[in-house]
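Asks: Let me see the structure of the following:
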Amino acid sequence: MDIKFCRPGGGDFIIVESIHTSDIFRVSELTQVYRQVIGFCNFEEFKFDGEPLSGIPSQIQYIKNFVSGGRRITTHPTGQNGLYYVYRGVRNSGRPIANLNIEGKVAGILSKSYDLGVPMSPFIFGTDPVPEVQLSMRNDIHFIMPGNQPPPTAFAIYNKDTGLLHEVTNLAERRRLISGLSAVGSRF
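Replies: Presented below is the predicted three-dimensional model:
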């Protein structure tokens, strides 16, 4: 068995968001934004006393490593890169009355969309490393439905170090970009 350690690399993330809406009794509207944040990693292999291991270190090897002051188990780069899920979750928002045709302060309160936050759920994985970058809250991001099939989805690459957000709308370009990025590393 070939087990490799994945060391996160760089400050680049792929962000994928899809929007799901539902009407409640044709009056109110509930919107859920499913969010995935994918990071880049550099694979490393475990070595014990300089020899590659075929899996993770055994308990005996961990004990020997502890007794020697932590110098016997090491990891070394393999030169391969990959992708891994950093975060998967959902954010909810609701609008009390979706289609209100009157004007005024009360109408503004009732027709405004309110953020309901992230629910407590066993289906949420990880911690969002870039919660301040929401694709669904931007006017310059396009949500598309590949093959005219819902849900509307947006795809972007974000560099945390520079603050640069690069949207990818073409489906073929998305596939090509993911393959290329996982092969060469995290810089776009």
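
Asks: From now on I want contacts and neighbour counts done on CA atoms only, so please keep to that.
Replies: OK.

Asks: Kindly confirm my reading that Asp115 is in a strand.
Replies: Yes: per DSSP: H, G, I helix; E, B strand; the rest coil, Asp115 lies within a strand segment.

Asks: Bridge partners for it, pull those for me.
Replies: With DSSP bridges as the criterion, Asp115 is bridged to Ser93.

Asks: dump the residue contacts of it.
Replies: Residues near Asp115 by CA atoms under 8 Å, 6 or more residues apart in numbering: Asn92, Ser93, Gly94.

Asks: what sits against the most centrally placed residue in the chain?
Replies: Nearest to the geometric centre of the chain sits Val37, at 0.8 Å (CA atoms, centre = their mean). Listed by CA under 8 Å, 6+ apart, the contact set of Val37 reads Phe13, Ile14, Ile15, Val16, Tyr85, Val86, Tyr87, Arg88, Asp128, Pro129.

Asks: What segments of the protein are strands?
Replies: 4-24, 28-48, 51-52, 73-95, 114-117, 125-126, 153-159, 165-167 (DSSP state E).

Asks: Of all the residues in the fourth one, which ones are buried?
Replies: Looking back up the chat, that one is strand 73-95. By neighbour count on 16 or more other CA atoms under 10 Å, the buried set for strand 73-95 is 73-75, 81-83, 86-90, 92-95.

Asks: so what does that strand touch, helix or strand wise?
Replies: Contacts defined by 3 or more CA pairs under 8 Å, 6 or more residues apart in numbering; DSSP states H and E place strand 73-95 against strand 28-48, helix 59-67, strand 114-117, strand 125-126, helix 171-184.

Asks: quick one: that strand to chain centroid distance?
Replies: Centre-to-centre, strand 73-95 and its host chain are 7 Å apart (CA atoms, centre = their mean, to the nearest Å).

Asks: Show me what the nearest residue to Ile124 once chain neighbours are set aside is bridged to.
Replies: Using CA to CA, 6 or more residues apart in numbering and skipping the chain neighbours, the partner closest in space to Ile124 is Gly89 (4.6 Å). Note on Gly89: beta-bridge partners by DSSP bridges are Arg35.
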